[in-house]
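Engineer: Build me a model from this:
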Amino acid sequence: MNGENESDSIIEISELSKVFKVGFWGRKVNAVQGLNLEVRSNEIFGFLGPNGAGKTTTIKMILNLIYQTKGEIKIFGKPNTDVGLRKRIGFLPENPYFYDYLKAREFLNFYGQLMDLSRSERNAKTGELLKMVGLENVDNIQLRRFSKGMVQRLGLAQALINDPDLVILYEPMSGLDPVGRKEMRDIILDMKRQGKTVFFSTHILPDVEMVCDRVAIIHDGKMRAIGALSDILGPTVKNVDVTVGGIDDESRLSEFAERIIRSGNIVHLSLERPELLDKLIRCVLEMGGGIIEVFPRRQSLETYFLEKVGENDNGTEDSI
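Structural biologist: Sure, this is the predicted structure:
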């Protein structure tokens with residue numbers, strides 16, 4: 001990290017608000033309202049919310065692409081209007097559009113020039129990044145022939161061309177197949193291992209669970225919850241899925257399980273009361289059956305997310 005005296009706060013947002021005027025009569029729309037947020041050094045931070053929640057507006061204000069109506073934004077302890085910050089930030093937009101007549105290698109070379117990298121630095125970084133995002137074999141193909149997923153991969157490469165300390169990714173998994181999503185998750189985790197800070201927004205919540213240290217949920221322009229994933233999801237088991245085999249009459253198990261589904265010789269059971277698991281197992285063994293699998297389910301981020309965006313607008317924030 002550049003700068004010896006920097007605090008652990010990479011992004012600091014205080015009382016941030018943005019009001020737009022829309023329509024002929026200039027009706028006021030509060031896109032973001034009194035947002036307070038801190039992103040710490042070397043963490044992966046997930047910024048979540050439904051469509052229209054204020055995520056795009058907030059990210060644009062962080063990057064100084066639009067001006068806030070009220071509030072303050074600091075990056076690396078400096079106002080976000082400081083032009084010198086640009087060299088320390090990498091950004092992948094939601095729907096990247098690039099000059100499609102360029103080839104992948106030409107494109108990254110162009111962005112390297114914008115970042116004032118020397119020719120040797122550009123050549124080294126271009127080869128390294130194309131390999132990292134899996135495009136080294138199509139480096140001399142024009143971008144107009146790229147699929148959406150390939151453009152997304154190239155967009156990530158350009159976000160990293162300047163070796164930034166802070167990487168902001170908006171919907172980085174968009175357009176990627178399952179293999180591409182896994183590779184993207186691995187790249188994000190590798191950024192953390194390199195000491196970078198990653199701030200990203202996505203609608204694919206399972207990916208957030210796999211990589212994020214902390215998350216914030218925004219809805220109707222207001223913060224609804226913020227905290228560490230380990231605290232949000234917690235260790236408590238909500239229900240247990242059990243798979244058993246070797247029994248002829250599953251009706252005897254109805255006193256333990258709320259849902260029972262037979263599939264051939266296999267029976268799947270869902271226990272809403274995990275404390276009944278031991279009794280269920282004993283009953284199955286007494287019937288001459290066997291336990292194939294026991295899968296405890298904890299609260300998922302998706303469940304928590306839906307709870308927060310579905311709550312009444314009481315203006316409160318849940319800090320975990």
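Engineer: alpha carbons only for contacts and neighbour counts from here, please
Structural biologist: Will do.
Engineer: can you pull out the strands in the stretch 1-150 of the chain?
Structural biologist: Secondary structure of the stretch 1-150 of the chain (DSSP state E, counting those that start in this stretch): strands at 9-22, 27-40, 44-48, 70-75, 78-79, 89-92.
Engineer: hmm, who's touching the shortest one?
Structural biologist: Counting contacts by Cα atoms under 8 Å, 6 or more residues apart in numbering, the residues outside strand 78-79 that touch it are 72, 73.
Engineer: any idea of the mean pLDDT in it?
Structural biologist: For strand 78-79, mean pLDDT rounds to 96.
Engineer: try the third one
Structural biologist: Within the predicted structure, the mean pLDDT of strand 44-48 is 95.
Engineer: how about the strands of the stretch 1-150 of the chain, which one is nearest residue 124?
Structural biologist: strand 89-92 (17.8 Å; Cα to Cα).
Engineer: got the phi/psi numbers for residue 282?
Structural biologist: phi -60, psi -40 (degrees, to the nearest 10).
Engineer: Residue 300: which of the strands of the stretch 1-150 of the chain is closest?
Structural biologist: Closest of the strands of the stretch 1-150 of the chain to residue 300 is strand 44-48, at 14.2 Å (criterion: Cα to Cα).
Engineer: could I get the strands of the stretch 1-150 of the chain as JSON lines with distance to residue 127?
Structural biologist: Output for those, formatted as JSON lines (distance: least, Cα to Cα, whole Å):
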{"stretch": "strand 9-22", "distance to residue 127": "29"}
{"stretch": "strand 27-40", "distance to residue 127": "31"}
{"stretch": "strand 44-48", "distance to residue 127": "26"}
{"stretch": "strand 70-75", "distance to residue 127": "30"}
{"stretch": "strand 78-79", "distance to residue 127": "33"}
{"stretch": "strand 89-92", "distance to residue 127": "18"}
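Engineer: Mean neighbour count, those: which tops it?
Structural biologist: strand 44-48 (a mean of 25; mean count of other Cα atoms under 10 Å).
Engineer: what's the closest of the strands of the stretch 1-150 of the chain to residue 204?
Structural biologist: That would be strand 44-48 among the strands of the stretch 1-150 of the chain, by Cα to Cα, at 9.6 Å.
Engineer: Residue 60 versus residue 78, what's the distance?
Structural biologist: 17 Å (Cα to Cα, to the nearest Å).
Engineer: same thing with residue 304?
Structural biologist: Counting by Cα to Cα, the gap from residue 304 to residue 60 is 26 Å.
Engineer: where in the stretch 151-300 of the chain is pLDDT low?
Structural biologist: 234-236 (pLDDT under 70).
Engineer: the helices in it, which residues?
Structural biologist: Assigned by DSSP state H, counting those that start in this stretch, the stretch 151-300 of the chain shows helices spanning 178-193, 205-211, 229-233, 277-286.
Engineer: Run the chain-centre distance for the third one.
Structural biologist: So that's helix 229-233. 15 Å (Cα atoms, centre = their mean, to the nearest Å).
Engineer: just the longest one next, same as before
Structural biologist: Once both centres are worked out by Cα atoms, centre = their mean, helix 178-193 turns out to sit 11 Å from its chain's centre.
Engineer: just checking, what packs against that helix?
Structural biologist: Under the contact definition 3 or more Cα pairs under 8 Å, 6 or more residues apart in numbering; DSSP states H and E, helix 178-193 sits against strand 197-201, helix 205-211.
Engineer: Compare those and give me the one nearest residue 223.
Structural biologist: Nearest of the helices and strands packed on helix 178-193 to residue 223, taken as Cα to Cα: strand 197-201 at 14.4 Å.
Engineer: helices or strands up against that closest one?
Structural biologist: Counting by 3+ Cα pairs under 8 Å, 6+ apart, strand 197-201 packs on strand 44-48, strand 166-170, helix 178-193.
Engineer: out of the ones you listed, which comes closest to residue 28?
Structural biologist: strand 44-48 (24.1 Å).
Engineer: what's the angle from the closest one to strand 197-201?
Structural biologist: Inter-element angle recorded for strand 44-48 and strand 197-201: 20 degrees (by axes from the mean of the first three to the mean of the last three Cα atoms, to 10 degrees).
Engineer: partner strands of strand 44-48, parallel or antiparallel?
Structural biologist: Using DSSP bridges, strand 44-48 pairs in its sheet with strand 197-201 (parallel), strand 214-219 (parallel).
Engineer: Keeping just the C-alphas, turn the last one into CSV.
Structural biologist: Below are the C-alpha coordinates for strand 214-219, written out as CSV (Å, rounded to 0.1, in the frame of the first residue of the first chain):
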residue,chain,number,x,y,z
ARG,A,214,-18.0,-7.9,5.2
VAL,A,215,-21.2,-6.8,3.4
ALA,A,216,-23.5,-3.8,3.3
ILE,A,217,-27.1,-3.9,2.2
ILE,A,218,-28.7,-0.8,0.7
HIS,A,219,-32.4,-0.4,-0.1
